[in-house]
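Undergrad: just need the structure, nothing else, for what follows:
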Amino acid sequence: MQKICGCGGKSIFRQPYWQVVIFLLVLLPIVMVLSFPPRVHRDFNLAGIPLQIGDWTGQDIEVSERNYNMLNPDDLLMRQYVNSKGESILLYIVVSVENRETFHPPELCYDGAGSQLFEERTEEIDLGGEKPFSKINSHVMHIKIRERDELVLNWYMAGKRVAANFYLHQLNFVLKQITNHNDPGAMIRVSTPLAKGDVAAGLEREKKFLKELSPFLSQHLFERKGEKTTG
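TA: Presented below is the predicted three-dimensional model:
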């Protein structure tokens with residue numbers, strides 16, 4: 001009688017199966033985490049980030065109900081800051097504990113708005129604080145929207161894991177759900193118009209703003225409403 005498989009006459013059922021068992025044990029918690037339906041907490045205090053940060057005065061921008069429901073975040077902040085020189089920075093933060101579909105690459109948004117990408121790179125930003133708000137790698141894009149040049153800078157957090165790359169963030173988010181289930185995930189983005197396409201000046205402006213903002217990010221991303229703050 002002919003053998004069905006060409007594996008040297010050995011049945012697959014005689015092979016060691018402990019490798020398969022270990023693989024399944026590793027895979028099981030990941031599958032369980034990904035199968036959990038997202039829970040909406042909505043208890044982070046991004047609105048507590050001050051409207052006045054140094055020389056910058058902020059004004060909240062309303063997010064449409066349609067866009068909010070598409071993201072389904074636990075908290076979201078969109079705010080325009082303007083300094084005494086008339087320079088402006090748009091701050092956008094979105095937070096989710098369970099739902100990694102809340103996050104997406106920012107280039108998709110700008111591409112959908114018909115923008116043109118001139119440059120894309122990773123830049124180290126010194127936020128001047130303690131980890132994870134110290135030196136971070138950030139994703140930087142120089143784009144053109146209609147007739148206006150903008151510099152966009154963003155990074156992602158999964159708990160206290162920081163990533164400039166969206167796909168690395170997605171992996172970090174899964175790991176966070178396994179190891180620190182209740183920690184938040186976040187995407188932080190700032191953008192500023194560029195006068196005469198001056199990228200260096202725009203980047204320096206964003207760095208200074210983020211350095212002043214970083215203590216409030218630490219406070220309001222990792223403390224829930226009603227919790228006592230320190231410092």
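
Undergrad: beta-bridge partners for Thr122, please?
TA: Thr122 has these beta-bridge partners by DSSP bridges: His139.

Undergrad: what sits against it?
TA: Contact partners of Thr122, counting by CB atoms under 8 Å, 6 or more residues apart in numbering, are 137-140, 164. In short, each C-beta sits where N, CA and C put it, glycine included.

Undergrad: can you check Val95 too?
TA: By CB under 8 Å, 6+ apart, the contact list for Val95 reads 44, 46, 73-76, 102, 184-186, 221.

Undergrad: how about a cut-off of 7 Å?
TA: For Val95, the contacting residues are 44, 46, 73-75, 184, 186, 221, taking CB atoms under 7 Å, 6 or more residues apart in numbering as the criterion.

Undergrad: tell me the buried residues in stretch 159-176?
TA: Neighbour-count burial for stretch 159-176, with 16 or more other CB atoms under 10 Å as criterion, is recorded at 159-164, 166, 169-170, 172-174, 176.

Undergrad: same deal with stretch 78-93?
TA: For stretch 78-93, burial by neighbour count (16+ other CB under 10 Å) applies to 78-79, 81, 83, 87, 89-93.

Undergrad: and Ile89, what does it touch?
TA: Residues near Ile89 by CB under 7 Å, 6+ apart: 81, 190, 192, 205-206, 209.

Undergrad: restricted to strands, list those residues.
TA: Of the positions in the contacts of Ile89, 81, 190, 192 sit in strands, assigned by DSSP state E.

Undergrad: need the residues you listed in a markdown table with pLDDT and distance to Pro215, can you?
TA: As requested, the ones in strands among the contacts of Ile89 are exported to a markdown table (pLDDT from 0 to 100; distance: CB to CB, whole Å):
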| residue | pLDDT | distance to Pro215 |
| --- | --- | --- |
| Tyr81 | 98 | 15 |
| Val190 | 95 | 16 |
| Thr192 | 96 | 21 |
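
Undergrad: JSON lines please, covering the residues you listed and showing distance to Asp60.
TA: Compiled in JSON lines, those are given as follows (distance: CB to CB, whole Å):
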{"residue": "Tyr81", "distance to Asp60": "11"}
{"residue": "Val190", "distance to Asp60": "15"}
{"residue": "Thr192", "distance to Asp60": "18"}
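
Undergrad: mind listing what's buried along the helix or strand harbouring Lys211?
TA: Remark: Lys211 resides in helix 199-222, with elements defined by DSSP states H and E. For helix 199-222, the neighbour count (16+ other CB under 10 Å) marks 202-203, 205-207, 209-215, 217-222 as buried.

Undergrad: which helices and strands sit right next to that helix?
TA: Under the contact definition 3 or more CB pairs under 7 Å, 6 or more residues apart in numbering; DSSP states H and E, helix 199-222 sits against strand 88-96, strand 148-158, strand 185-193.

Undergrad: any idea of the angle that helix forms with strand 185-193?
TA: With axes from the mean of the first three to the mean of the last three CA atoms, to 10 degrees as the basis, helix 199-222 and strand 185-193 are set at 150 degrees to each other.

Undergrad: touching helix 199-222 from outside, list them.
TA: Taking contacts as CB under 7 Å, 6+ apart, the residues outside helix 199-222 that touch it are 44-46, 48-50, 53-54, 56, 81, 87, 89, 95, 125, 127-129, 133, 142, 151, 153, 184, 186, 188, 190, 192, 194-195, 229.
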